[in-house]
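Novice: 3D, please:
(one chain, ligands or ions: 12)
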Amino acid sequence: MRRSASFFQVLLVFTTMAGTRWPNVSGTYCKDMSSSVYRPHSVTITEFGAVGDGVTLNTKAFQNAIFYLNSFADKGGAQLFVPAGRWLTGSFSLISHLTLSLDKDAVIIGSPDSSHWPVIDPLPSYGRGRELPGNRHRSLIFGSNLTDVIITGANGTIDGQGAIWWGWFHNHTLNYTRPHLVELMYSTNVVISNLTFKNSPFWNIHPVYCSWDSDTVHKIDSSTNVCIDHCYVRTGDDSIVIKSGWDEYGISFAHPSSNISISNITGENQGGAGIAFGSEMSGGISEVRAEGLRIVNSLHGIRIKTAPGRGGYVKNVYIADVSMDNVSMAIRITGNYGEHPDDKYDRNALPMISNITIKDVVGINIGVAGILEGIQGDNFSSICLTNVSLTVQSPHPWNCSLIQGYSNSVVPESCEQLRSNCEQTPVCYDGSSYSEMRTQAPTHKLNSSRLLNPLLKLATL
Ligand SMILES: *[C@@H]1O[C@H](CO)[C@@H](O)[C@H](O)[C@H]1NC(C)=O
Ligand SMILES: *[C@@H]1O[C@H](CO)[C@@H](O)[C@H](O)[C@H]1NC(C)=O
Ligand SMILES: *[C@@H]1O[C@H](CO)[C@@H](O)[C@H](O)[C@H]1NC(C)=O
Ligand SMILES: *[C@@H]1O[C@H](CO)[C@@H](O)[C@H](O)[C@H]1NC(C)=O
Ligand SMILES: *[C@@H]1O[C@H](CO)[C@@H](O)[C@H](O)[C@H]1NC(C)=O
Ligand SMILES: *[C@@H]1O[C@H](CO)[C@@H](O)[C@H](O)[C@H]1NC(C)=O
Ligand SMILES: *[C@@H]1O[C@H](CO)[C@@H](O)[C@H](O)[C@H]1NC(C)=O
Ligand SMILES: *[C@@H]1O[C@H](CO)[C@@H](O)[C@H](O)[C@H]1NC(C)=O
Ligand SMILES: *[C@@H]1O[C@H](CO)[C@@H](O)[C@H](O)[C@H]1NC(C)=O
Ligand SMILES: *[C@@H]1O[C@H](CO)[C@@H](O)[C@H](O)[C@H]1NC(C)=O
Ligand SMILES: *[C@@H]1O[C@H](CO)[C@@H](O)[C@H](O)[C@H]1NC(C)=O
Ligand SMILES: *[C@@H]1O[C@H](CO)[C@@H](O)[C@H](O)[C@H]1NC(C)=O
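Specialist: Numbers count the residues shown, from 1 in each chain. Ligands and ions are numbered 1, 2, ... in the order given. Sure, this is the predicted structure:
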């Protein structure tokens with residue numbers, strides 16, 4: 001079941017994490033991702049005629065203010081301040097070297113008129129709109145090919161008023177795929193922090209094709225060097241999702257998601273998972289390290305979704321220090337997750353799922369410990385469970401097929417498929433490949449701005 005209400009407070013950084021190291025202690029991630037960049041120029045949205053009465057449409061005010069601030073891009077950039085009030089607007093686009101800063105009592109509200117959300121091209125890695133063939137509506141706050149962008153506030157709010165979009169979705173009267181709340185394409189050095197995002201029409205925060213060493217950066221979708229820290233996420237779907245394109249389009253576009261750091265996340269997702277991979281993962285997902293996850297009142301805890309036709313890979317994933325309470329399925333790996341963009345996908349394009357380590361997990365009020373299913377002719381390998389202790393209601397806590405791997409100190413005892421190799425030296429991915437790479441990386445601080453972004457597919461599907 002999908003819900004329109006979603007809510008999260010967020011600190012997301014898409015950015016250059018060069019110089020960042022994987023600390024051994026959770027909670028110290030992303031420390032150098034401060035969003036305190038001084039902007040010599042600042043304007044307030046009211047200077048451009050905006051009215052914060054919740055009724056006046058302010059799209060032009062936002063566009064005009066940002067157009068004006070463009071002239072300061074080469075002078076240290078500028079800040080657009082949104083004071084207390086309810087600021088109704090349609091979709092608007094950001095520019096580079098911009099800070100969008102909200103007062104604690106400022107609420108940016110999405111217009112309920114779909115014509116205020118222009119229609120743009122589909123993402124190349126999806127080949128079409130996610131929900132409907134063809135184009136898609138542009139997000140409320142949008143940016144493409146940007147660098148040095150900060151979206152912040154003293155816990156101000158961005159409210160997409162998505163209920164009407166969910167209504168159109170449910171009664172099949174959409175003409176195009178729904179818009180996200182925030183989408184940044186091909187961008188670097190982005191920090192999203194100290195804000196509450198709610199009622200997205202579709203996904204919440206969607207960085208796509210973002211990174212620091214190419215001209216791109218973040219749902220974390222085909223994005224690299226992403227840090228998501230200190231977030232509370234409540235959605236009808238998954239809290240944090242990592243994706244990288246859909247079937248043949250994702251395979252040919254070939255933009256992986258990698259180097260992703262996630263820490264200190266609380267997720268509550270009636271219809272989804274605390275952390276999920278896929279199902280669109282055709283460009284590949286690797287080097288993901290997530291620590292300090294609290295997953296409560298959710299359908300799934302940790303989830304990997306894929307299917308024949310996806311191709312690509314999910315590998316070198318390290319998830320540790322997880323607590324769960326009231327979760328129907330603690331760990332779920334699904335090899336037959338359907339949904340294809342069209343019938344041109346290659347049924348022989350099998351995904352490679354390998355080197356998935358899940359350790360130090362404590363769960364209470366768990367329905368089923370794990371359903372782990374690979375694909376016929378395509379076993380998922382090196383699935384490692386260590387120090388996992390779950391209080392499970394089901395008499396059949398684990399159900400595994402077509403997977404191989406290892407387990408150690410798992411209660412209730414893990415499935416046989418994860419026990420059969422105990423004579424070999426377990427080779428569990430320990431998260432260190434990223435760490436080593438990080439340590440070797442040159443310490444190169446671009447500027448102090450960081451994109452804090454929960455990959456946010458932060459998607460409420
Ligand atoms: C978020 O707000 C807190 C409290 O005002 C502040 O200390 C912190 O630097 C802010 N973080 C970011 C990334 O803006
Ligand atoms: C944005 O960047 C992408 C990838 O580099 C490029 O293909 C596209 O043309 C750029 N768009 C604009 C408007 O510059
Ligand atoms: C931020 O706002 C939300 C509601 O919009 C509230 O639940 C939360 O407690 C606030 N957080 C802080 C740190 O003020
Ligand atoms: C579909 O949902 C929208 C939004 O809730 C509503 O305005 C519209 O009347 C509905 N249309 C039909 C045909 O049910
Ligand atoms: C879909 O298109 C029709 C015809 O142009 C229009 O009346 C309707 O409002 C559109 N629906 C949405 C949700 O934008
Ligand atoms: C975790 O994030 C929450 C906000 O969601 C913050 O209040 C808390 O201080 C963080 N804890 C650590 C250990 O960083
Ligand atoms: C457990 O989580 C479900 C949502 O998955 C929620 O409806 C239910 O109220 C929760 N139970 C308790 C005791 O909190
Ligand atoms: C097992 O995991 C729990 C929960 O994260 C942790 O408190 C405990 O120290 C771990 N035990 C070992 C031996 O690592
Ligand atoms: C395990 O799952 C398979 C389907 O994947 C099902 O047929 C079987 O009954 C399940 N076994 C148990 C014990 O639940
Ligand atoms: C696939 O894994 C199963 C255990 O889940 C194992 O019995 C089977 O031999 C494996 N197949 C291959 C080709 O490795
Ligand atoms: C899995 O991790 C090990 C190290 O833990 C590494 O040697 C191996 O290359 C990894 N496998 C893949 C497919 O990346
Ligand atoms: C991931 O991080 C490592 C170490 O910083 C770096 O060498 C590598 O290029 C990064 N990968 C991508 C795709 O940015």
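Novice: a helix runs through His300, doesn't it?
Specialist: No: assigned with DSSP: H, G, I helix; E, B strand; the rest coil, His300 falls outside any helix and is strand.
Novice: excluding its backbone neighbours, what's nearest it?
Specialist: Distances taken as CB to CB, 6 or more residues apart in numbering put Ala273 closest to His300, at 3.7 Å, once the chain neighbours are dropped. Just so you know, the C-beta spots here come from the backbone N, C-alpha and C atoms, and that holds for glycine as well.
Novice: which residues in the stretch 351-461 of the chain form strands?
Specialist: Applying DSSP state E, counting those that start in this stretch to the stretch 351-461 of the chain gives strands spanning 352-373, 380-392, 398-401, 403-411, 452, 458-459.
Novice: What mean pLDDT does the shortest one get?
Specialist: Within the predicted structure, the mean pLDDT of strand 452 is 28.
Novice: Touching, the residue nearest to His300 and Gly301? I think so.
Specialist: Yes: contact criterion CB atoms under 8 Å: Ala273 and Gly301 qualify, at 6.4 Å.
Novice: So between those two, which is more surrounded?
Specialist: Gly301 (31 against 26; other CB atoms under 10 Å).
Novice: Tell me the residues on the chain that lie near ligand 11, please.
Specialist: Neighbours of ligand 11 within the chain, by CB under 6 Å from any ligand atom: 315-316, 354-355, 382, 427, 429.
Novice: Which residues are in contact with each of Ala273 and Gly301?
Specialist: Residues touching both Ala273 and Gly301 (CB atoms under 8 Å, 6 or more residues apart in numbering) are 295, 332.
Novice: To Ser96, which of the strands of the stretch 351-461 of the chain lies closest?
Specialist: The closest of the strands of the stretch 351-461 of the chain to Ser96 is strand 452. By CB to CB, the value is 17.3 Å.
Novice: Give me the distance between the residue lying closest to Ile383 once chain neighbours are set aside and ligand 2.
Specialist: Leaving out its chain neighbours, the residue that sits closest to Ile383 by CB to CB, 6+ apart is Gly405, at 3.4 Å. For Gly405, the distance to ligand 2 equals 38 Å [CB to the nearest ligand atom, to the nearest Å].
Novice: Over to Tyr249?
Specialist: Relative to ligand 2, and taking CB to the nearest ligand atom, Tyr249 is found at 15 Å.
Novice: And the next helix or strand past the strand or helix carrying that residue?
Specialist: Tyr249 is part of helix 247-253 when elements are defined by DSSP states H and E. Sequence-wise, the next helix or strand downstream of helix 247-253 (DSSP H and E) is strand 257-269.
Novice: What strands line up against that following strand, and which way round?
Specialist: Paired strands of strand 257-269, with direction, are strand 224-235 (parallel), strand 285-305 (parallel) (DSSP bridges).
Novice: got the angle for the last one vs strand 352-373?
Specialist: Right, strand 285-305. 20 degrees (axes from the mean of the first three to the mean of the last three CA atoms, to 10 degrees).
Novice: could I have strand 285-305 exported to CSV, CA atoms only?
Specialist: Extracted C-alpha coordinates of strand 285-305, given in CSV (Å, rounded to 0.1, in the frame of the first residue of the first chain):
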residue,chain,number,x,y,z
ILE,A,285,25.8,-0.6,-7.0
SER,A,286,28.9,-1.1,-5.0
GLU,A,287,31.0,0.2,-2.1
VAL,A,288,28.1,1.0,0.2
ARG,A,289,28.6,1.2,3.9
ALA,A,290,25.7,1.7,6.3
GLU,A,291,26.0,1.9,10.1
GLY,A,292,23.8,2.9,12.9
LEU,A,293,20.4,2.0,11.4
ARG,A,294,17.2,2.0,13.6
ILE,A,295,14.4,0.4,11.8
VAL,A,296,11.0,0.3,13.5
ASN,A,297,7.4,-0.5,12.6
SER,A,298,8.4,-1.5,9.1
LEU,A,299,7.6,-4.2,6.6
HIS,A,300,11.2,-4.9,5.8
GLY,A,301,14.5,-4.1,7.5
ILE,A,302,17.2,-4.7,4.9
ARG,A,303,16.2,-5.4,1.3
ILE,A,304,17.8,-6.2,-2.0
LYS,A,305,15.5,-6.3,-5.0
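Novice: can you tell if that strand touches ligand 6?
Specialist: No: applying CB under 6 Å from any ligand atom, one finds strand 285-305 separated from ligand 6 by no less than 6.9 Å.
Novice: Can that strand be said to contact ligand 8?
Specialist: No: on the criterion CB under 6 Å from any ligand atom, strand 285-305 is out of touch with ligand 8, staying 9.5 Å away.
Novice: orientation of the helix or strand just after that strand relative to strand 257-269 in degrees?
Specialist: Using DSSP H and E, the next helix or strand after strand 285-305 towards the C-terminus is strand 313-334. Here strand 313-334 runs at an angle of 20 degrees relative to strand 257-269 (the same axes, to 10 degrees).
Novice: the inter-axis angle of strand 313-334 versus strand 403-411?
Specialist: Using the same axes, to 10 degrees: strand 313-334 against strand 403-411 is 60 degrees.
Novice: What strands flank strand 313-334, and is each parallel or antiparallel?
Specialist: Assessed with DSSP bridges, strand 313-334 is paired to strand 285-305 (parallel), strand 352-373 (parallel).
Novice: Can you lay out those as CSV showing mean pLDDT and distance to Gly162?
Specialist: Putting these into CSV (pLDDT from 0 to 100; distance: least, CB to CB, whole Å) gives the following:
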stretch, mean pLDDT, distance to Gly162
strand 285-305, 96, 20
strand 352-373, 98, 29
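Novice: deepest of the ones you listed, which one?
Specialist: Per residue and on average, the most neighbours among the strands paired with strand 313-334 fall to strand 285-305, with a mean of 24 (mean count of other CB atoms under 10 Å).
Novice: Domain ranges for this protein, per the record?
Specialist: Domains of the chain are assigned by automatic domain parsing as 1-202, 238-461.
Novice: The shortest one near ligand 4 at all?
Specialist: Put plainly, it is domain 1-202. Yes: remark: domain 1-202 sits within contact range of ligand 4 at 164, 167-168, 171, 173, by CB under 6 Å from any ligand atom.
Novice: Quickly check: that domain near ligand 8 or not.
Specialist: No: with CB under 6 Å from any ligand atom as the criterion, ligand 8 is not reached by domain 1-202; the gap is at least 9.8 Å.
Novice: Thanks a lot, see you next time.
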